[in-house]
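Enquirer: Predicted structure and sequence below. I'll ask about it afterward.
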Amino acid sequence: MEPLVIVDRGGTPRLARSRINVYDAMHYLEHGRSVNYIALALGITLAESQALIDYIDEHKDEVMAVHRRIEERIAQGNPPEIEERMARSRGRALVRERLAELNRKPAEETNGEGDSR
């Protein structure tokens with residue numbers, strides 16, 4: 001069996017032969033999740049999960065600096081032209097309709113007191 005390797009080919013450090021990267025695990029670590037939880041959430045083995053965590057620990061300053069930049073970018077939201085395009089998206093409208101339908105069902109399935117009919 002090949003040893004687990006984290007590769008960085010000028011992009012994001014990730015598991016070799018996988019698209020799972022260290023920042024995928026970072027979110028769970030920040031919320032206090034265990035190596036087991038991370039493995040289950042990302043659909044990887046415990047050894048792969050531990051390899052990601054070990055990489056993060058070994059490169060903490062660098063990983064945290066990039067992670068902060070990622071979080072700052074997310075907090076900025078999308079540029080106005082992207083938001084406009086998303087607002088016009090038929091796919092997005094379908095998702096909103098489906099979510100509204102799913103949110104209505106629990107209310108319709110109870111008698112108002114939280115009990116099922």
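Expert: All right, it came through fine. Residues are numbered from 1 along each chain as shown.

Enquirer: can you give me the mean pLDDT across the helix ranked longest in the chain?
Expert: Criterion DSSP state H: the longest helix present in the chain is helix 90-109. Helix 90-109 carries an average pLDDT of 83.

Enquirer: can you give me how far that helix is from the chain middle?
Expert: 22 Å (C-alpha atoms, centre = their mean, to the nearest Å).

Enquirer: Would you indicate which residues of that helix are buried?
Expert: For helix 90-109, the neighbour count (16 or more other C-beta atoms under 10 Å) marks no residue as buried. (C-beta placed from N, C-alpha, C; glycine too.)

Enquirer: helices and strands around that helix, which ones?
Expert: Contacting helix 90-109 under the criterion 3 or more C-beta pairs under 8 Å, 6 or more residues apart in numbering; DSSP states H and E is no other helix or strand.

Enquirer: Report the buried residues of stretch 17-33.
Expert: For stretch 17-33, the neighbour count (16+ other C-beta under 10 Å) marks Ser18, Ile20, Asn21, Val22, Tyr23, Asp24, Ala25, Met26, Tyr28, Leu29, Arg33 as buried.

Enquirer: Which of those fall in helices?
Expert: If you go by DSSP H, the buried residues of stretch 17-33 have Val22, Tyr23, Asp24, Ala25, Met26, Tyr28, Leu29 in helices.
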